[in-house]
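In: Turn this into a structure:
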Amino acid sequence: QVQLLESGGGLVQAGGSLRLSCAASGSIFSINAMGWYRQAPGEQRELVAVKTSRGTTTYVDSVKGRFTISRDNAKNTVYLQMNSLKPDDTAVYYCSADVMGLGSSAYYTYWGQGTQVTVSS
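Out: Residues are numbered from 1 along each chain as shown. Got it, this is the predicted structure:
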């Protein structure tokens, strides 16, 4: 079994910064992509940023230049540095990881429990 543990959410004023962390643990053989999604009330979950094991990164247009995704592969951890936060960034942020477990031959997507980010105006 694989678990993703997120931390770092909270309440911040517009223009402020937060850093989210997500550590994967359990029976892990390999991790491909790790990333962050968010879901605002009444909205669908959307991709925020993703980084593959080879370093390829993708961002949703609305966060380009403000958010930075990074990974520590030795620690199976992904981070999301969020700067210049806006009220529109308010959402529950979910970590995801494409993991090949020990004894498996395929990658499966695991999700964290979510962490609330609230940006006040």
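
In: So for this protein, the centremost residue is which one?
Out: The residue lying closest to the centre of the chain (C-alpha atoms, centre = their mean) is residue 36, at 2.5 Å.

In: the residue most distant from the middle of the protein, which is it?
Out: residue 103 (25.9 Å).

In: now it, what's its secondary structure?
Out: When classified by DSSP: H, G, I helix; E, B strand; the rest coil, residue 103 comes out as coil.

In: Need the pLDDT of it.
Out: The score at residue 103 is 91. That number is its pLDDT.

In: Just checking: what are the partner strands of the strand or helix carrying residue 38?
Out: In the assignment (DSSP states H and E), residue 38 maps to strand 28-39. Each strand paired with strand 28-39, and its direction, by DSSP bridges: strand 46-51 (antiparallel), strand 91-101 (antiparallel).

In: thinking again about what came up before, nearest residue to the residue nearest to the centre of the chain other than its sequence neighbours?
Out: Residue nearest to residue 36 in three dimensions, not counting chain neighbours: residue 48, with 4.4 Å by C-beta to C-beta, 6 or more residues apart in numbering. Every C-beta, even on glycine, is put in place using the N, C-alpha and C of the backbone.

In: Isn't that neighbour up against residue 38?
Out: Yes - under the criterion of C-beta atoms under 8 Å, residue 48 makes contact with residue 38 at 5.3 Å.

In: list residues touching both of the two?
Out: Taking C-beta atoms under 8 Å, 6 or more residues apart in numbering as the contact rule, residue 48 and residue 38 both touch residue 93.
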